[in-house]
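Colleague: Here you go, sequence then predicted model.
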Amino acid sequence: MFELLERVNEDAILGLMAKFRADPSGHKVDLGAGVYRDIEGNTPVLECVRAAERAILAGQNTKSYVAAAGRAEFNHAITELVCGPLLQSIGPARLRTVQAPGGCGALRIGAELIRAAAPAAVVHVSDPTWANHVPLLGGSGLRLARYAYYDTARNRLRFEAMLESLDRAAAGDVVLLHACCHNPTGADLAPDQWRAVIEVLGRRRLIPFLDLAYQGFGGGLDADVEAVRLVAKAVPESLIAVSFSKNFGLYRERVGALITVSADAAAADAAYSHVLQIARSIYSMPPDHGAAITAHILADPALRASWLEELAAMRGRIEAMRGLLAAELRARVGDASFDFIGAQRGMFSLLGVPPAVVARLRERHHIYIMGDSRMNVAGVTPGNAAYVADAIVESLGWARAGQPLSGQALSGQALSGQALSGQAPSA
């Protein structure tokens with residue numbers, strides 16, 4: 001049987017992580033893996049998580065299954081955390097929440113629910129989007145399309161083009177929207193832009209599927225779900241995939257949830273029944289440990305306060321590193337070519353450099369970023385920011401001129417859109 005299989009391509013993110021681990025250089029910098037890192041370059045276990053875990057293990061007397069829907073107190077806490085006042089404005093009868101194996105599990109369950117309800121629907125994803133969105137959603141059998149979102153040459157949103165793209169979508173199609181901290185660009189919609197998108201969603205009768213993977217990493221817990229609440233209040237049906245890998249640091253525990261918003265209670269019950277059946281057919285029961293930790297922290301006032309403090313520190317560090325790297329690059333190139341890094345939100349930015357520069361950064365400087373030039377800013381530290389800036393400038397100079405170009409030589413001359421758009425001369 002297996003001799004008939006052809007080898008598939010390596011996952012780009014996992015492959016880059018493996019290359020980084022195998023690199024013996026003492027100067028290597030990981031800006032590829034999508035995990036938060038502290039000032040020492042580690043992905044820490046939060047103190048509130050340690051305390052909650054101790055309490056849970058001390059009081060645990062069984063490892064039996066919980067339920068296909070997951071832990072009830074977790075689902076209740078997550079619904080309140082994400083929806084907040086929305087619960088009162090639209091009524092809790094229209095919402096249902098199911099625990100999932102991470103945000104990825106929530107996305108896939110949502111995709112399977114869409115396929116069950118409307119198999120002909122097309123899912124429109126942003127151009128660009130997180131690489132795993134395509135296999136997670138397309139793997140369910142749904143057809144995917146792209147809508148305009150970001151100009152990598154000019155490092156800015158293509159908002160008018162986005163609206164035009166969505167205005168061409170067919171009624172009943174699904175639009176995947178990044179709720180905050182867009183991955184991979186870090187460029188988010190402003191409130192007035194969200195309102196314009198909501199107008200198109202309603203007028204074209206499109207179904208929003210919101211991916212909320214970074215709540216608390218952008219502007220704060222409530223600020224980062226403002227768009228989610230606006231969308232869910234304005235349109236009759238929506239899906240919300242939630243991840244707690246980043247804001248609780250529970251990557252390996254696979255903690256997530258899918259929230260469905262339906263037109264009425266009967267539709268909510270019907271969607272919920274399908275979600276449970278889908279979960280049962282894929283993984284049967286979700287993992288409980290991370291959900292128990294999350295629920296315990298959110299229910300304990302002291303631990304919740306500790307979490308909010310640690311979350312604010314993580315967000316502040318990312319913001320500081322964005323500003324530092326942008327300043328280091330400005331000092332070398334003498335203009336605002338890289339100021340967009342400091343203005344964006346969340347962990348990611350697209351440098352907008354061609355594959356040759358990405359390869360140069362890895363092979364010469366041992367700096368690892370994704371092939372599309374996505375960079376995890378959380379991997380920048382005060383100790384490596386200057387090194388990273390030097391490497392970016394050198395690699396861009398090499399791509400433009402076929403030879404190293406010093407920061408002094410670049411000073412005063414703007415890095416043109418052409419230099420950032422993938423137009424590297426042969427060398």
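Modeller: Yes, it's here.
Colleague: Sort out which residues of stretch 167-181 are buried, please.
Modeller: Within stretch 167-181, the residues that count as buried by 16 or more other C-beta atoms under 10 Å are 169, 173, 174, 175, 176, 177, 178, 179, 180, 181. To be clear about C-beta, it is placed using only N, CA and C from the backbone, and glycine gets the same treatment.
Colleague: Can you give the domain ranges for the protein?
Modeller: What automatic domain parsing lists as the domains of the chain is 12-44+316-420, 48-299.
Colleague: Kindly tell me how buried the nearest residue to residue 226 once chain neighbours are set aside is, as a neighbour count.
Modeller: Nearest residue to residue 226, sequence neighbours excluded (C-beta to C-beta, 6 or more residues apart in numbering): residue 191, at 7.1 Å. Residues within reach of residue 191, counting by other C-beta atoms under 10 Å, total 11.
Colleague: now swap in residue 359 and tell me
Modeller: Neighbour count of residue 359, defined by other C-beta under 10 Å: 13.
Colleague: secondary structure class for it?
Modeller: Here residue 359 is recorded as helix under DSSP: H, G, I helix; E, B strand; the rest coil.
Colleague: still on that earlier bit, quick one: closest of the domains of the chain to residue 308.
Modeller: Residue 308 sits nearest to domain 48-299 of all these, at 7.5 Å, using C-beta to C-beta.
Colleague: List the buried residues of the strand or helix carrying residue 277.
Modeller: Taking DSSP states H and E as the definition, one finds residue 277 inside helix 265-282. Neighbour-count burial for helix 265-282, counted by 16+ other C-beta under 10 Å, picks out 267, 268, 271, 272, 275, 276, 278, 279.
Colleague: contact partners of the following helix or strand past that helix?
Modeller: Per DSSP H and E, helix 265-282 leads on to helix 289-299 as the next helix or strand towards the C-terminus. Residues from elsewhere that reach helix 289-299 (C-beta atoms under 8 Å, 6 or more residues apart in numbering): 48-49, 52-53, 55-56, 70-71, 73-74, 77-78, 81, 99, 244, 248, 250, 253-255, 303-304, 306-307.
Colleague: Pull out the buried members of these.
Modeller: Buried members of those, counted by 16+ other C-beta under 10 Å: 48-49, 52-53, 55, 70-71, 74, 77-78, 81, 99, 244, 248, 250, 253-255, 303, 306-307.
Colleague: Looking at those, which are in strands?
Modeller: The strands, defined by DSSP state E, take in 99, 255 from those.
Colleague: buried stuff in stretch 385-395?
Modeller: Across stretch 385-395, burial judged by 16+ other C-beta under 10 Å covers 385, 387, 388, 389, 390, 391, 392, 393, 394, 395.
Colleague: same check, this time on stretch 196-214
Modeller: Going by 16+ other C-beta under 10 Å, stretch 196-214 has these buried residues: 196-198, 200-201, 204, 206-214.
Colleague: what about it, how long is it end to end?
Modeller: With C-alpha to C-alpha, to the nearest Å as the measure, stretch 196-214 spans 23 Å from end to end.
Colleague: neighbours around residue 127, how many?
Modeller: If we define neighbours as other C-beta under 10 Å, then residue 127 has 16 of them.
Colleague: what packs against the helix or strand where residue 137 lies?
Modeller: Assigned by DSSP H and E, residue 137 belongs to helix 133-138. Applying 3 or more C-beta pairs under 8 Å, 6 or more residues apart in numbering; DSSP states H and E, we find helix 133-138 packed against helix 102-117, strand 122-127, strand 143-148.
Colleague: Of all these, which one is nearest residue 136?
Modeller: helix 102-117 (4.7 Å).
Colleague: buried set for the closest one?
Modeller: Neighbour-count burial for helix 102-117 [16+ other C-beta under 10 Å]: 102-115.
Colleague: if I read this right, the residue nearest to residue 226 contacts residue 231, doesn't it?
Modeller: No - Residue 191 is beyond contact range of residue 231, at 12.0 Å (criterion: C-beta atoms under 8 Å).
Colleague: Next, give phi and psi for residue 260.
Modeller: Taking degrees, to the nearest 10, you get phi -110, psi 140 for the backbone angles of residue 260.
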